[in-house]
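Student: Sequence first, predicted model second:
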Amino acid sequence: MAYILRRLAFYAFAGWVAVTLNFFIPRAMPGNAVEAIMAKFPSLQPSAYHALEAMLGVGHPGSIWHQYWSYLYDISHLNFGISLSEFPAKVSTLLGETLPWTLVLVGTATVIAFVLGTGLGIIAGWRHGGWFDRSLPGLMFFQAIPYFFLALVLIDLLALQVHVFPTGQGYGEGQIPGWNWDFIRSAVDHSILPAFTIVITSMAGWMLQMRNVMITTIGEDYVVAAQAKGLSSRRVVFTYAARNALLPQLQGFGLALGFVVTGAIVMEIVFSYPGIGQLLLTAVTSDDYPLMQAIFLLITVAVLLANLLVDLAMVAFDPRVRTRGAF
Amino acid sequence: MTAALTVVADPGALAAQPQAKNLWRRLPVKAKVGAVVLGLFILAGVIGPFFAPYDPSYQSPSIALSMHPPDAAHWLGTTQSGQDVFSQLLTGIRLTLGLALVVGVIATGLSVIVGVTAAFLGGIWDDFLSLASNVFLVIPQVPLLILLLGYLPQRGQGPTAIVLAALGWPWGARVIRAQTLAIRNRDFIGASRETGEKTWRIIAYEIVPNEISLIAASFVNTVLYAIGASVALAFIGLADVSSWSLGTMLYWAESQQALQLGAWWWFVPPGLAVAFMGTALVLLNTGIDELGNPRLRDAAGTARVGGRRLRPADPTPVLQAVPERRSPLAAFVHSFSRASFYERDGNVPASAGPRPARPGALRPNGRQR
């Protein structure tokens, strides 16, 4: 329990650092952000100046501390200001529309990739030196491919050359989002290729790591002892070796998650998937600072929450964690 | 073997020369392949632009040269505006790899400084620096990079390199801190402190040289991260898109509909270049890992005893059980001996000990016999 509390405190602290960075970055950068925005959008009325100031929190009356507190207040009430590119839509509304798409796609695909990669890593590590294990260097190639590049190639091969999958978008032309069978089928159809991309590229990493930890674990005395006792191979592999090898793997999962999620989000752009990635591209290309900041916070919070879940899983798997607090 | 026995006045001279040679020979095959491929890319980055057949930015006015598939004049075809893809690729490799190497050097330097400082100062400094690296480890870097680069007034190689390096140190710092803590308590560090060595000297000459393989691994990892992040950032337009890097090539290919127009020669070469560079780095890193952890080594390189390959979980082999190799004459003489009588019967003489016991349960590959 103490361990969980410590981790909670740590993630709260990390979240606070992210929020604070978010507050200070616009102020630390050279030039006046409001002026820059006004220059980039000639169509904005001069009266928008104060609205922009309020939005970015730069023109607030009072000291920087006062601004900081009002900023924290806004964030805690999920008030991220107003989007510049989709004026006058609220940033929180835009996020609410796109988040479910990304959450379902990237979440499901990442979990599939992790489970599949870990499972195959167990096999490769157990049969160290077997044909499967020796074919691993080929997989490193997939580990090194940028997500969005594989997406381009897959679209070219499976959507344009052979018309197996749709080329992009989240659902078919003319479909109206809703909980009906046609729409769900269309959405699933459109998500297979993006999900496949995530699984292929991120699976290799989990696999290689699991294989390495497996090989190291197999050499431990307790695994040899378990074999000497005459336990079945399956029991030795899963209950003795894999369960212990899973701990570093889980820790690595938490730390690598940021990369996987951002890689997947950039990949969404290629598919014109109606998720956070598309929103991020809009924000970047149109210098929509409030949107960019909110997306950064959103991704950070998502990754921190996922890390917390990983820690809870660690507590479930590793009795040592329950007694000894690790940082 | 004999070299170890010869007495040389200067032990340094003995160690220096063969070590460099041995290192390459001891390097696992994976690392060698990685090093060679990476070397080819570095070569392409250094001399490539001088051999580029065209100016990568030159837009051919001829309509026939727009989106032209690869042929003898343009090895990798042309873009929509008639630019030569091969020339862009050569220039792009230089820019991307150069940026990544610079980021790797700066970020690895930072992680060594932070890691060693944290481990040496200890106490509240250690707590603070560890906390900082752990926080920046969990905060996803690419969105933070996007935010930082988005607010910067001008986008280019310089700012990108600085921002990437500023966020690329935490992982290395964490690993190096742990290693420094382990080394710090060794006897030779205590000895040099007793002899009155200054702290900076201990760090520079005793600690850091003992962490070289770790630092190398961290450098390779950082270069990998820098390539991936810079290409992704350029792809979404957060770079100087008028310069040619692998990322900006992909940016232009995507924004000018290379995919929809079927111009695979436009987006495949830069992507493959990134993938191959990355593969080379991963191979190199795995090789370094294997150098430090013999268990990970390829089974092909593991010991064979009596024609059987040893697996990590196998019991220590009983070497006496391996039949001796005899010359034909010796075998003929041996066939009259008492021992040969037992061998023929499938029994092992008592003096030679039992054959290595390998019951099914002990076979780690799970095949029961």
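Tutor: All right, it came through fine. Residues are numbered from 1 along each chain as shown, chains lettered A, B, ... in the order given.
Student: Every contact and neighbour count from this point should use C-alpha atoms.
Tutor: Fine.
Student: And stretch B:227-247, what's buried?
Tutor: B:227-239, B:241, B:243-247 (16 or more other C-alpha atoms under 10 Å in any protein chain shown).
Student: Isn't B:Ala217 up against B:Gly287?
Tutor: No. In this structure, B:Ala217 is not within contact of B:Gly287 by C-alpha atoms under 8 Å, at 9.5 Å.
Student: Of the buried residues of stretch B:227-247, which ones also sit close to chain A?
Tutor: B:228, B:232, B:236-238 (C-alpha under 8 Å from any C-alpha of the partner chain).
Student: got TSV for the residues you listed, with secondary structure too?
Tutor: As requested, these are exported to TSV (DSSP: H, G, I helix; E, B strand; the rest coil):
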residue	secondary structure
B:Gly228	helix
B:Ala232	helix
B:Ile236	coil
B:Gly237	coil
B:Leu238	coil
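Student: in the stretch 1-150 of chain B, what residue is nearest chain A?
Tutor: B:Pro140 (4.5 Å; C-alpha to the nearest C-alpha).
Student: Give me the below-cutoff pLDDT ranges for the stretch 1-150 of chain A.
Tutor: A:29-37, A:39-44, A:48, A:51-62, A:84-87 (pLDDT under 70).
Student: okay, now the closest residue to chain B within the stretch 201-327 of chain A: neighbour count?
Tutor: Relative to chain B, the nearest point of the stretch 201-327 of chain A is A:Gly258 (4.5 Å; C-alpha to the nearest C-alpha). A count of nearby residues for A:Gly258, using other C-alpha atoms under 10 Å in any protein chain shown, gives 25.
Student: hang on, isn't it packed against B:Phe136?
Tutor: No. Shown here, A:Gly258 and B:Phe136 do not form a contact pair, counting by C-alpha under 8 Å, at 10.9 Å.
Student: Quick check: residues of the stretch 1-150 of chain A near chain B?
Tutor: A:13-14, A:17-18, A:25-26, A:29-31, A:33, A:126-129, A:134, A:137, A:140-146, A:149.
Student: Buried among those residues? Make that a PyMOL selection.
Tutor: A single PyMOL command selects the buried members of the residues of the stretch 1-150 of chain A next to chain B (16+ other C-alpha under 10 Å):
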select buried, chain A and resi 14+17+18+25+26+33+126+127+128+129+137+140+141+142+143+144+145+146+149
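Student: Return the distance of A:Ala313 relative to B:Leu131.
Tutor: 22 Å (C-alpha to C-alpha, to the nearest Å).
Student: now swap in B:Gly237 and tell me
Tutor: From B:Gly237 over to B:Leu131 (counting by C-alpha to C-alpha), the distance is 33 Å.
Student: Name the nearest residue to the spatially most central residue of chain A, sequence neighbours excluded.
Tutor: Nearest to the geometric centre of chain A sits A:Val261, at 2.3 Å (C-alpha atoms, centre = their mean). Among residues not flanking A:Val261 along the chain, A:Val106 sits closest, at 6.9 Å (C-alpha to C-alpha, 6 or more residues apart in numbering or on different chains).
Student: Contact partners for A:Ile112?
Tutor: A:Val199 (C-alpha atoms under 8 Å, 6 or more residues apart in numbering or on different chains).
Student: List the buried residues of the helix or strand hosting it.
Tutor: Element membership for A:Ile112 (DSSP states H and E) is helix A:91-126. Buried residues in helix A:91-126, counting neighbours by 16+ other C-alpha under 10 Å, are found at A:91-92, A:94-95, A:98-99, A:101-102, A:105-107, A:109-110, A:112-114, A:116-126.
Student: Show me what the next helix or strand after that helix is packed against.
Tutor: Sequence-wise, the next helix or strand downstream of helix A:91-126 (DSSP H and E) is helix A:131-134. Helix A:131-134 sits against helix A:91-126, with contacts defined as 3 or more C-alpha pairs under 8 Å, 6 or more residues apart in numbering or on different chains; DSSP states H and E.
Student: Does B:Val103 lie in a helix or a strand, and which?
Tutor: Using DSSP H and E, B:Val103 falls in helix B:85-121.
Student: The following helix or strand past that helix near chain A anywhere?
Tutor: Per DSSP H and E, the first helix or strand lying C-terminal to helix B:85-121 is helix B:123-138. Yes. Helix B:123-138 lies within reach of chain A by C-alpha under 8 Å from any C-alpha, at B:135-138.
Student: what is the mean pLDDT for helix B:123-138?
Tutor: For helix B:123-138, mean pLDDT rounds to 88.
Student: Overlap of the contact sets of A:Gly258 and B:Phe136?
Tutor: By C-alpha under 8 Å, 6+ apart, no residue touches both A:Gly258 and B:Phe136.
Student: Name the residues of the stretch 151-300 of chain B found near chain A, please.
Tutor: Going by C-alpha under 8 Å from any C-alpha, the residues of the stretch 151-300 of chain B near chain A are B:151-153, B:228, B:232, B:236-238, B:254, B:259-260, B:262, B:264, B:268, B:271-272, B:274-279, B:282-283, B:295-296, B:298-300.
Student: can you pull the contacts of the nearest residue in space to A:Leu247 that is not next to it in sequence?
Tutor: Nearest residue to A:Leu247 in three dimensions, chain neighbours excluded: A:Met314, at 6.8 Å (C-alpha to C-alpha, 6+ apart). By C-alpha under 8 Å, 6+ apart, the residues touching A:Met314 are A:247, A:250, A:321.
Student: tell me which element A:Met314 falls in.
Tutor: helix A:289-317.
Student: what do you get for B:Ser243?
Tutor: Going by DSSP H and E, B:Ser243 is not in any helix or strand.
Student: try A:Tyr3
Tutor: Short version, using DSSP H and E: A:Tyr3 is in helix A:2-28.
Student: Work out the gap between that helix and the centre of the chain.
Tutor: Centroid separation between helix A:2-28 and its chain, computed with C-alpha atoms, centre = their mean, to the nearest Å, is 17 Å.
Student: Okay, buried residues for it please.
Tutor: Per 16+ other C-alpha under 10 Å, helix A:2-28 contains these buried residues: A:3-4, A:7-8, A:10-11, A:14-15, A:17-19, A:21-23, A:25-27.
Student: Mind checking which of the residues of the stretch 151-300 of chain B next to chain A are buried?
Tutor: Buried among those (16+ other C-alpha under 10 Å): B:151-152, B:228, B:232, B:236-238, B:254, B:259, B:264, B:268, B:271-272, B:274-279, B:282-283, B:295-296, B:298-299.
Student: Which ones among these lie within strands?
Tutor: The members of those all map outside strands under DSSP state E.
Student: In helices only, show me those.
Tutor: B:151, B:228, B:232, B:254, B:264, B:268, B:271-272, B:274-279, B:282-283 (DSSP state H).
Student: Could you point out which of these is nearest to B:Ser66?
Tutor: The closest of those to B:Ser66 turns out to be B:Trp264 (C-alpha to C-alpha; 13.7 Å).
Student: who's in contact with the residue lying closest to the closest one once chain neighbours are set aside?
Tutor: Using C-alpha to C-alpha, 6+ apart and skipping residues adjacent in sequence, the residue nearest B:Trp264 is B:Ala258, 7.1 Å away. By C-alpha under 8 Å, 6+ apart, B:Ala258 lies in contact with B:264, B:266-267.
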